[in-house]
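Visitor: Model the following, please.
(one chain, ligands or ions: 2)
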Amino acid sequence: MPFKKDSLYANPLGEITSFKFDDAVANVFPDMIQRSVPGYSAIISAIGLLAGRFSQPGSNCYDLGCSLGAASLAMRARITAADCRIVAIDNSEAMLERFKQNLPANSSAPPIDILCADIRDVVIERASVVVLNFTLQFVPPADRLALLERIYRGLLPGGVLILSEKLAFEDVRQQALQVEMHHHFKKMQGYSDLEISQKRSALENVLLAESFRTHRSRLVAAGFASAEIWFQYFNFASMIALK
Ligand SMILES: C[S@@+](CC[C@H](N)C(=O)[O-])C[C@H]1O[C@@H](n2cnc3c(N)ncnc32)[C@H](O)[C@@H]1O
Ligand SMILES: O=C(O)C(=O)C[C@]1(C(=O)O)C=C[C@@H](O)C=C1
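Guide: Ligands and ions are numbered 1, 2, ... in the order given. This is a model prediction of the structure:
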């Protein structure tokens, strides 16, 4: 199934419906995320490097909200610890169908189990690496602490959570500037003003971004020993939380 250029918001839409990870989005997702998230490729590569560093023999590496499996594949290419298993979970059938169809066979690399489930319901166990790459922002805020607590409990000593999110800023001028610069980034990637504004409306009340301060205090409340940003490009950041 070839992936196409994202033009979902290119024409005026009478009514803008809430953003969903449906067939239409899954069909264009690699192009959409690459042109929408500044630094996406760098983050995916680094997830592979971090999985190489943190994976422990006989452990599970989770990709929560895996979409088409970019982070799972980056981890698979870098894990050298024996008997690891990658568990990739998403609740979008449209995404997982395409992930399975495009998964290159590699019998010498860790197996990837692909599960269709809500990440708020799955058991996390014997984990050395857990990835939430632009997924927590779509989980209702009231459910975020419980999810992070379950991840923390499922991590082995020495385990890591890689949490990438669109950020919000407490300072009003910072917030306005970073959003403006993100929109400039999207224009540079070929999106029109109409595409940018219609997508923004579709994401309203669906993608709920929070500040780094909120993320860090929640991670600490969930049990993590420390949490730091290792990458940021405007209002998109990736954090490392250590057990
Ligand atoms: C922005 S995409 C993630 C991109 C992907 N991690 C990557 O690195 O390419 C967010 C994904 O999270 C999934 N998702 C959102 N909420 C979820 C939930 N409660 N349970 C499972 N998957 C969820 C969506 O279906 C979507 O595929
Ligand atoms: O396009 C935007 O403005 C975004 O916020 C980017 C974003 C994300 O951060 O997940 C939103 C939805 C799509 O899944 C791809 C990227």
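Visitor: from here on, contacts and neighbour counts on C-alpha atoms
Guide: Will do.
Visitor: ok, Asn27 - contacts?
Guide: Residues in contact with Asn27 (C-alpha atoms under 8 Å, 6 or more residues apart in numbering) are Phe3, Lys4.
Visitor: If we go by neighbour counts, what in the helix or strand where it lies is buried?
Guide: Using DSSP states H and E, Asn27 sits in helix 23-36. By neighbour count on 16 or more other C-alpha atoms under 10 Å, the buried set for helix 23-36 is Val25, Ala26, Asn27, Val28, Phe29, Pro30, Met32, Arg35, Ser36.
Visitor: And those, which is closest to Ala74?
Guide: Pro30 (14.4 Å; C-alpha to C-alpha).
Visitor: From Phe3, how far off is that closest one?
Guide: Distance of Pro30 to Phe3, given as C-alpha to C-alpha, to the nearest Å: 7 Å.
Visitor: now Pro38
Guide: On the measure of C-alpha to C-alpha, Pro38 and Phe3 end up 20 Å apart.
Visitor: What segments of this structure are strands?
Guide: Along the chain, counting by DSSP state E, strands occupy 60-64, 85-90, 112-116, 127-133, 155-166, 226-233, 236-242.
Visitor: Could you point out which of the ones you listed sits nearest ligand 2?
Guide: strand 155-166 (5.5 Å; C-alpha to the nearest ligand atom).
Visitor: how far is the closest one from where the chain is centred?
Guide: Remark: strand 155-166 is offset 12 Å from the chain centroid, using C-alpha atoms, centre = their mean, to the nearest Å.
Visitor: Tell me which strands it pairs with, and in which orientation.
Guide: Using DSSP bridges, the strands paired with strand 155-166 in its sheet are strand 127-133 (parallel), strand 236-242 (antiparallel).
Visitor: mind putting the ones you listed in CSV, mean pLDDT, mean neighbour count and distance to ligand 2 included?
Guide: Output for the strands paired with strand 155-166, formatted as CSV (pLDDT from 0 to 100; neighbours: other C-alpha atoms under 10 Å; distance: least, C-alpha to the nearest ligand atom, whole Å):
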stretch, mean pLDDT, mean neighbour count, distance to ligand 2
strand 127-133, 99, 26, 9
strand 236-242, 99, 21, 8
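Visitor: which one of these lies closest to ligand 1?
Guide: Closest to ligand 1 of the strands paired with strand 155-166, according to C-alpha to the nearest ligand atom: strand 127-133, at 4.2 Å.
Visitor: hmm, the closest one in reach of ligand 1?
Guide: Yes - using C-alpha under 6 Å from any ligand atom, strand 127-133 reaches ligand 1 at Asn133.
Visitor: can you give me the offset of that strand from its chain's centre?
Guide: Counting by C-alpha atoms, centre = their mean, strand 127-133 comes out at 10 Å from the chain centroid.
Visitor: Of the strands paired with strand 155-166, which is nearest Gly154?
Guide: Checking those against Gly154 by C-alpha to C-alpha gives strand 127-133 as the closest, at 5.8 Å.
Visitor: what's the spacing between stretch 129-136 and its chain's center?
Guide: 5 Å.
Visitor: next one: stretch 54-68
Guide: For stretch 54-68 - counting by C-alpha atoms, centre = their mean - the centre lies 13 Å from the chain centre.
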